[in-house]
Structures are given as C-alpha cells and as structure tokens.
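Trainee: Okay, predicted coordinates and the sequence, questions at the end:
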Amino acid sequence: MMTSPQPERPLAVHPLDSPVPEPPIDVRQFLDGAAGLFGAAANVIMQLSNRPVGYGVVESPVESGNVMVHPIKRLRTTLTYLAVALLGDEDDREAYRKAVDSVHRHVRSRAGSTVKYNAFDPKLQLWVAACLYWGARDLYERMHGPMDEFDADAFYHYCARLGTTLQVREEMWPADRAAFDRYWDENLAATRIDPKIKAYFEDLIDLRMLPRPFGLAFGGVHRFFVTGLLPQHLRDEMGMTWSPRQDRLLARAMRTAGAAESLIPATIRSFPLNAYLLDMRLRRRLGLRLV
C-alpha cells in the first residue's frame with residue numbers, strides 16, 4: 001500500500017484523564033475528510049450490530065436524531081461528536097457531553113421491549129467507541145498504508161477519547177492494541193443482525209433517507225463501499241456477497257483517494273471535522289442547542 005508522508009509532530013496532544021502521558025501525536029495527520037464519505041454507513045452497521053445499541057437507535061423516541069427523518073441534522077450531530085472527541089479541548093468535551101446526555105436520557109427500553117438497552121450504559125458506549133476507532137484505523141491504513149508502531153500505539157491511546165467524552169471510564173479502554181484486538185474479535189463474533197435491524201440497514205445503505213433521485217444515482221456505489229468496508233462476519237449476517245475482484249477495485253479506489261489527500265495540507269484533510277468543531281463552539285457561544 002502507498003504510505004503518506006509522515007509530517008513533523010508540532011502539536012503534542014495526550015489522552016485526557018490518563019495517569020501517564022502518552023507519546024506526542026498530531027491527530028490531524030490521521031483524519032481524512034474523504035474517509036467519512038467512504039466509511040460512515042459501514043461504521044453505523046458495526047455499531048448497531050450490537051443488538052442493544054441497534055434497538056436503542058431504531059426504537060428511540062427522539063425523532064430529531066432519526067437519520068431516516070432528519071439525515072442532515074443526524075450527520076451534523078455525529079460529525080460534531082467526532083470533532084469534539086478528537087479535536088476539542090476539555091471545555092468542548094464537557095459541554096457536548098452534557099448536550100448528548102440530555103438526549104440520551106430518553107433512550108432506554110420500555111416495559112415489553114424485545115431488547116433491553118440504556119444509552120447511558122458505558123459498556124454499550126465502549127462498543128460504539130471501539131467501532132469508531134477500528135473504522136478510523138482501517139480506513140487510514142487502506143488509504144495510506146500501515147502506521148508505524150509509534151503512531152499506531154499513540155493513535156490507539158488517543159482514541160480512548162471517543163469513549164471517555166461520554167460515560168466510558170478510562171480504565172475500560174483496553175490497555176493496548178493487543179488487548180483491543182481480543183476485545184474486538186470476541187465482541188464482533190457475538191453480534192447478530194435480526195430482520196428488524198437488517199431492514200433499517202437496507203434503508204440506510206440504499207440512501208432512502210434522501211430524495212429518491214439521490215438514491216437512484218448513488219445507492220449502488222454506496223452499497224459497494226459499505227459492503228467492502230464491513231468485516232466479513234457482518235457481511236455474512238447481512239447476506240452480502242463480496243468477490244476478490246471487488247476487493248481489488250475497492251483497494252485501488254482507497255489508495256487513489258489516499259494518494260490525493262496526502263498532497264493537501266492537514267487542515268484541509270481534516271475538513272469537515274474542524275468546521276463542525278468551530279460550528280459547535282459558535283453555537284455554544286450564542287447559547288444555541290448543540291444537539
């Protein structure tokens with residue numbers, strides 16, 4: 001795989017709340033705006049394949065967070081969370097935690113629910129954070145080639161913020177990459193996609209939340225990337241097929257996108273996350289809703 005040039009590390013950042021400072025890392029070098037376009041829906045499927053997470057989203061009474069009803073707003077909320085977790089300071093994280101908590105308190109199973117769930121459950125939030133980290137690392141390495149050991153360790157520890165920005169405690173994040181791989185393999189193997197959640201995923205993949213012309217024009221391409229970026233276990237759960245030829249086409253597309261993005265400054269590569277962080281800070285200053 002093609003490896004992007006490794007920039008100088010002028011900006012030292014460390015995982016928040018960590019008792020031992022981690023090696024300095026400029027996280028912006030690992031953020032590709034194009035990666036979100038490629039991998040967003042596949043990552044949602046990974047997250048929601050954990051049945052309590054999936055049912056919590058599908059049955060949520062919070063209509064404003066329903067991607068099928070408010071796709072633009074849901075995109076803004078999700079990307080703002082990623083921006084705050086990865087690029088924000090402690091004040092940003094605390095403000096957004098409170099905003100998300102105000103919505104999450106409504107997301108819990110009711111009497112008679114098929115699956116029990118609670119959006120404040122740190123174990124469920126840990127799974128979501130693990131999916132976000134796994135997807136970010138996978139996309140980066142597909143686009144730019146493997147990280148070296150220093151960067152891989154530093155990026156892994158930094159990504160604990162994807163969970164600790166909400167209720168995941170620092171000690172819940174697996175201690176190192178080997179521990180994470182064990183956690184990932186065990187929990188991924190336990191995921192199951194039942195018909196109700198599968199129907200939701202099919203609508204998401206076919207872009208049925210968008211005006212019909214968009215779905216007709218881009219649904220096939222979207223399905224190609226979603227299928228290719230899912231772990232094989234989840235392809236099997238979805239009943240998807242994937243050929244070696246398709247895998248070669250995906251690899252070529254990802255390497256081409258990575259080569260193009262490696263030529264542009266980190267600030268531009270980080271778009272739109274940096275823009276959503278600025279938007280959140282402006283909303284906070286004006287007293288507007290953050291979620």
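Mentor: Thanks, I have it.
Trainee: got any ranges where the stretch 1-150 of the chain has weak pLDDT?
Mentor: 1-24 (pLDDT under 70).
Trainee: now with 90?
Mentor: For the stretch 1-150 of the chain, the stretches with pLDDT under 90 are 1-38, 60-76, 106, 110-114.
Trainee: ok now do Ala190, which residues does it touch?
Mentor: The contact partners of Ala190, by C-beta atoms under 8 Å, 6 or more residues apart in numbering, come to none. C-betas here are computed from N, CA, C, even on glycine.
Trainee: Could you measure from it over to Met238?
Mentor: Taken as C-beta to C-beta, to the nearest Å, the spacing of Ala190 relative to Met238 amounts to 16 Å.
Trainee: And for Ala275?
Mentor: Summarising the geometry, the distance separating Ala275 from Met238, computed by C-beta to C-beta, is 32 Å.
Trainee: Comparing those two, which residue is more hemmed in?
Mentor: The residue with the greater number of neighbours, taking Ala275 and Met238 and applying other C-beta atoms under 10 Å, is Met238; the counts read 19 against 14.
Trainee: quick one, helices of the protein?
Mentor: 33-48, 51-58, 71-87, 90-104, 122-144, 149-158, 161-164, 177-189, 195-205, 212-229, 232-238, 244-261, 266-269, 273-286 (DSSP state H).
Trainee: okay if I get those as a markdown table plus distance to Gly112?
Mentor: Conversion of the helices of the chain to a markdown table gives the following (distance: least, C-beta to C-beta, whole Å):
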| stretch | distance to Gly112 |
| --- | --- |
| helix 33-48 | 21 |
| helix 51-58 | 12 |
| helix 71-87 | 27 |
| helix 90-104 | 21 |
| helix 122-144 | 20 |
| helix 149-158 | 41 |
| helix 161-164 | 30 |
| helix 177-189 | 27 |
| helix 195-205 | 15 |
| helix 212-229 | 32 |
| helix 232-238 | 26 |
| helix 244-261 | 42 |
| helix 266-269 | 48 |
| helix 273-286 | 37 |
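Trainee: residue contacts, the nearest residue to Tyr200 once chain neighbours are set aside?
Mentor: Sequence neighbours aside, Val58 is the residue nearest to Tyr200 in space, at 5.3 Å (criterion: C-beta to C-beta, 6 or more residues apart in numbering). Taking C-beta under 8 Å, 6+ apart as the definition of contact, the neighbours of Val58 are Leu48, Lys196, Ile197, Tyr200.
Trainee: and Ala152, how many residues sit next to it?
Mentor: Once other C-beta under 10 Å is used to define contacts, Ala152 is seen to have 15 neighbours.
Trainee: what number of residues lie near the residue nearest to it when sequence neighbours are not counted?
Mentor: Distance criterion C-beta to C-beta, 6+ apart; nearest residue to Ala152, sequence neighbours excluded, is Arg177 at 6.6 Å. Summarising burial for Arg177: neighbours were counted as other C-beta under 10 Å, giving 16.
Trainee: Arg177 touches Ala154, doesn't it?
Mentor: No - taking contacts as C-beta atoms under 8 Å, Arg177 lies outside contact range of Ala154: 10.8 Å.
Trainee: which residues does the spatially most central residue of the chain contact?
Mentor: Centroid-nearest residue in the chain, with C-alpha atoms, centre = their mean: Leu132, separated by 3.4 Å. Taking C-beta under 8 Å, 6+ apart, we find Leu132 in contact with Asn43, Gln47, Leu82, Cys159, Leu162.
Trainee: Now with 10 Å, please.
Mentor: If you count contacts by C-beta atoms under 10 Å, 6 or more residues apart in numbering, Leu132 has them with Gly39, Asn43, Met46, Gln47, Thr78, Tyr81, Leu82, Ala85, Leu86, Cys159, Leu162, Gly163.
Trainee: do the same with Ala136
Mentor: Ala136 touches 27, 30-32, 35-36, 39, 43, 82, 86, 155, 159, 162, counting by C-beta under 10 Å, 6+ apart.
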